[in-house]
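In: give the three-dimensional model of this entry:
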Amino acid sequence: MTDDGVDVTDDGVDLTARLIADLTRLGETVAVAESLTGGLLVAELIRPAGASGVVYGGIVAYNTAIKASVLGVDGDLLRKFGPVHPEVAEQMAEGARHVLAVDGSPASMGIATTGVAGPGPQDGHPEGIVFIGLSRDGRTRSVALHLSGDRGQIRAAAVSEAVRILRAQI
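Out: Here you go, the predicted structure:
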């Protein structure tokens, strides 16, 4: 990572810029739904030049009710498990693809973040538990992360991991 917070490879390549270039080359698009990262992920994705051609947009669904009303996360799932759950992350990612459709076409990929940045645990979940949801071609999956650090470090690490997860999908 550089002094200005840009995640780079060992050979100095900007990972997000490489992701945007790869998405452009492949004709892929992405839509974002965020909770604990509060807009940091979509801000990172639109940082490199050329992002407007592949990033459809982002929704910050910080309040649990917004996850259901805007993104279409199942209300029973939220009532039973709360917002910090792998299936919630998956449904957020799928919802983002469709809610942020352009001219009726959903983004080819959706990515979502939900978890506990701290300080301290939330609803029985430890600080640092994060779920990254990914939706692509009608399939969804989630990745569980166990991050450490203060609130800012956990949020920044979640963004970095989400970029890496997107890169691994293409």
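In: pull the contacting residues for the residue nearest in space to the middle of the chain.
Out: In the chain, the C-alpha nearest the mean C-alpha coordinate belongs to Ala112, at 3.3 Å (CA atoms, centre = their mean). With contact taken as CB atoms under 8 Å, 6 or more residues apart in numbering, Ala112 is in contact with 32-35, 89-90, 92-93, 96, 132-134. From N, CA and C alone the C-beta is placed, and that goes for glycine too.
In: and if you look at Gly39?
Out: Counting by CB under 8 Å, 6+ apart, Gly39 makes contact with 58, 60.
In: ramachandran coordinates for it?
Out: When quoted as degrees, to the nearest 10, the phi and psi of Gly39 stand at phi 100, psi -10.
In: ditto for the one 5 residues further on
Out: Main-chain torsions, Glu44, degrees, to the nearest 10: phi -70, psi -40.
In: what's the pLDDT at it?
Out: As predicted, Glu44 sits at a pLDDT of 98.
In: and it, how far from Val30?
Out: Here Glu44 is placed at a distance of 12 Å from Val30 (CB to CB, to the nearest Å).
In: before we move on, what about Leu19?
Out: For Leu19, the distance to Val30 - CB to CB - is 9 Å.
In: look at these two and report which has more neighbours.
Out: The residue with more neighbours, out of Leu19 and Val30 and counting by other CB atoms under 10 Å, is Val30; that gives 30 against 23.
In: returning to that earlier point: joint contacts of Leu19 and Val30?
Out: Counting by CB under 8 Å, 6+ apart, the contacts common to Leu19 and Val30 are 45, 166.
In: Gln122 touches Val116, doesn't it?
Out: Yes - when contacts are counted by CB atoms under 8 Å, Gln122 is listed as touching Val116 (4.6 Å).
In: name the residues contacting each of the two.
Out: When contacts are counted by CB under 8 Å, 6+ apart, the set common to Gln122 and Val116 consists of Val84.
In: of the two, who's got more company?
Out: Using other CB under 10 Å as the criterion, Gln122 and Val116 rank with Val116 on top: 23 against 17.
In: list the residues that contact the more buried one.
Out: Contacts were defined as CB under 8 Å, 6+ apart; by that measure Val116 touches 36, 84, 122, 125-130.
In: now do it, the pLDDT please.
Out: For Val116, the model assigns a pLDDT of 98.
In: go on, Asp10?
Out: Here, the pLDDT recorded for Asp10 equals 51.
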